[in-house]
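Asks: 3D model of this:
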Amino acid sequence: MKIHKLYLYLGAIFFVLFFGSCVDKSKPNIQSGEVAKKEEIPSKDYLSIPWVNFQLNQLKSDSTKYTLQRQAKELDEQGFALYKKKKDKEAVTLYEKSIDSYPLGETYYNYGNSLSNIDRLEDSIKAYKIARYLNAPKPEFVLYNIACSYSRLNQVEMSYKYLTKAVDNGYKAFDYIKNDSDMANTRKDPNWNNRFKEIISPSRKKSKEEIVEKEDCEFLGKVWSENSCKEKKITISKTEKENCEILGKVWSESSCKEKEITEVKIEKENFTNSIGMEFVLIPAGEFMMGCSEEENKCFDSEKPAHKVRITKPFYMGKFEVTQGQWKAVMGTNPSNYKDCGDNCPVEQVSWNDVQEFIKKLNSKEGKKYRLPTEAEWEYVARAGTTTKYYSNDLDSIAWYDKNSGRKTHPVGQKKPNAFGLYDMSGNVSEWCEDWYHGGYYGESPSNDPAGPSSSSNRVLRGGSWYYSVDLMRSSYRIKYSPDLRSYGIGFRLLFSAD
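Replies: As a prediction, this is how the structure comes out:
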């Protein structure tokens, strides 16, 4: 009996020694207080750096970033237009939509200006500080505006601190400071004259190093310790299943894992061919094609609006094909407006003529150029917008009947859209690859629609120099016989990125 107990005792020791050494040490040791780390999901807050960082960290695809940045810039421009009209509350809404797309330093700077104008001063300071954190251009103006907001809050010492930082980063409008109403409270300080002279003194040692104040540390999502701002040590419970989708991941085998994403590898974002045609990389994406909800003067052929997915990236011509480029391939110039010059769009070319041009260019270049499909064309033209035009200021983007002087103009003179393409509205209408069918939108597939299989007419998009303002909308489509030539019709090319 004693021997039996001895065997049991020895067996227990062996079990502990052997199996204890086989414990998976990658798992948290609860007794030692070790806890598995998860990615924190901060609540949505436009004025929180942890939330901004979370937004940026979710964007792992370069093509996705490119699309969202373009959308953000477009919304930022719309917000700035409202800001100039002193419609700051409306501007704030558009800036927040821009930030939802992609947090940009320039947007946060503009956001801060509008917040300041509607007396949300503490929020304006946060916006400016995030602009600084995101490396917005002209940091001296960002820092000066922080000083102004602190002054209006009557936090004079903080105003001095940020005025000093502004000067150290190159702010030199000293006479303006002396009269700026936003700095009035700081100028009331009895020591203002002496302190201001000291701040702007050429002999004062200046530093562009960004010094993080104690009051900013928590705002940065960090902790103040030993007179410096440090990263938090996060020890929190493991990622829960319900958070997995929010993190943009997938729940599998009782754990949260990265999605398997297959992306087309792109060598470069822009490309120029042998005859000087410039192409811009357009990422895959989806959009609402057709007449937008805000429009009430659309034709039936533009309805219904429907979701379309462009499943692969491609290169699109940055400009309409020019007379000079046509001559380089074909040896002739069919254009009516030859006096406009080689950098003006080629016109008087039929769809059939364009196919001959493409055939010769492909042979010369060893690539597969083609016309864009109608869906590809509208996806590129809209560039993330859902409005009637891709800019609120039509004159800034398009040559049409009110500003063209009844003729074509050199390509690229107007502002580009958010993808960086010019003259997507106006100058010359552009041939698309598709056959035309007025009711096609009611039966169109959602992925990469290529138009009906046959018809008697081809599609034209974009409007030309003699079209009226209503026909400049992104959804407008028209049909022409493929053998028709006109002084208002040209084209641009596309080729695949894979």
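
Asks: low-confidence stretches in the protein?
Replies: Across the chain, the ranges flagged by pLDDT under 70 are 1-42, 58-64, 66, 207-268, 293-296, 498.

Asks: longest helix anywhere in it?
Replies: Longest helix in the chain, counting residues (DSSP state H): helix 62-84.

Asks: centroid-nearest residue for the protein?
Replies: When CA atoms, centre = their mean is applied to the chain, the residue found nearest the centroid is Gln69 (1.3 Å).

Asks: contacts only, for it.
Replies: By CB atoms under 8 Å, 6 or more residues apart in numbering, the contact set of Gln69 is 101-102, 104. (C-beta placed from N, C-alpha, C; glycine too.)

Asks: now those as CSV including distance to Leu153, secondary structure and neighbour count?
Replies: Shown next, in CSV, are those (distance: CB to CB, whole Å; DSSP: H, G, I helix; E, B strand; the rest coil; neighbours: other CB atoms under 10 Å):
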residue, distance to Leu153, secondary structure, neighbour count
Ser101, 31, helix, 20
Tyr102, 30, coil, 22
Leu104, 26, coil, 23
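
Asks: just the strands in the chain please.
Replies: Taking DSSP state E, the strands of the chain run over residues 223-225, 228-230, 250-252, 255-257, 270-272, 278-282, 285-289, 306-310, 314-317, 429-435, 458-461, 477-480, 489-490, 494-496.

Asks: would you reformat those as JSON lines and include mean neighbour count and distance to Leu94?
Replies: Below are the strands of the chain laid out as JSON lines (neighbours: other CB atoms under 10 Å; distance: least, CB to CB, whole Å):
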{"stretch": "strand 223-225", "mean neighbour count": "13", "distance to Leu94": "35"}
{"stretch": "strand 228-230", "mean neighbour count": "13", "distance to Leu94": "32"}
{"stretch": "strand 250-252", "mean neighbour count": "12", "distance to Leu94": "34"}
{"stretch": "strand 255-257", "mean neighbour count": "14", "distance to Leu94": "34"}
{"stretch": "strand 270-272", "mean neighbour count": "12", "distance to Leu94": "28"}
{"stretch": "strand 278-282", "mean neighbour count": "21", "distance to Leu94": "24"}
{"stretch": "strand 285-289", "mean neighbour count": "19", "distance to Leu94": "19"}
{"stretch": "strand 306-310", "mean neighbour count": "17", "distance to Leu94": "23"}
{"stretch": "strand 314-317", "mean neighbour count": "23", "distance to Leu94": "27"}
{"stretch": "strand 429-435", "mean neighbour count": "24", "distance to Leu94": "30"}
{"stretch": "strand 458-461", "mean neighbour count": "25", "distance to Leu94": "27"}
{"stretch": "strand 477-480", "mean neighbour count": "18", "distance to Leu94": "29"}
{"stretch": "strand 489-490", "mean neighbour count": "27", "distance to Leu94": "34"}
{"stretch": "strand 494-496", "mean neighbour count": "18", "distance to Leu94": "31"}
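
Asks: can I get those strands in JSON lines including distance to Cys344?
Replies: Listed next are those as JSON lines, based on distance: least, CB to CB, whole Å:
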{"stretch": "strand 223-225", "distance to Cys344": "62"}
{"stretch": "strand 228-230", "distance to Cys344": "57"}
{"stretch": "strand 250-252", "distance to Cys344": "52"}
{"stretch": "strand 255-257", "distance to Cys344": "54"}
{"stretch": "strand 270-272", "distance to Cys344": "19"}
{"stretch": "strand 278-282", "distance to Cys344": "16"}
{"stretch": "strand 285-289", "distance to Cys344": "30"}
{"stretch": "strand 306-310", "distance to Cys344": "30"}
{"stretch": "strand 314-317", "distance to Cys344": "15"}
{"stretch": "strand 429-435", "distance to Cys344": "14"}
{"stretch": "strand 458-461", "distance to Cys344": "19"}
{"stretch": "strand 477-480", "distance to Cys344": "21"}
{"stretch": "strand 489-490", "distance to Cys344": "9"}
{"stretch": "strand 494-496", "distance to Cys344": "21"}
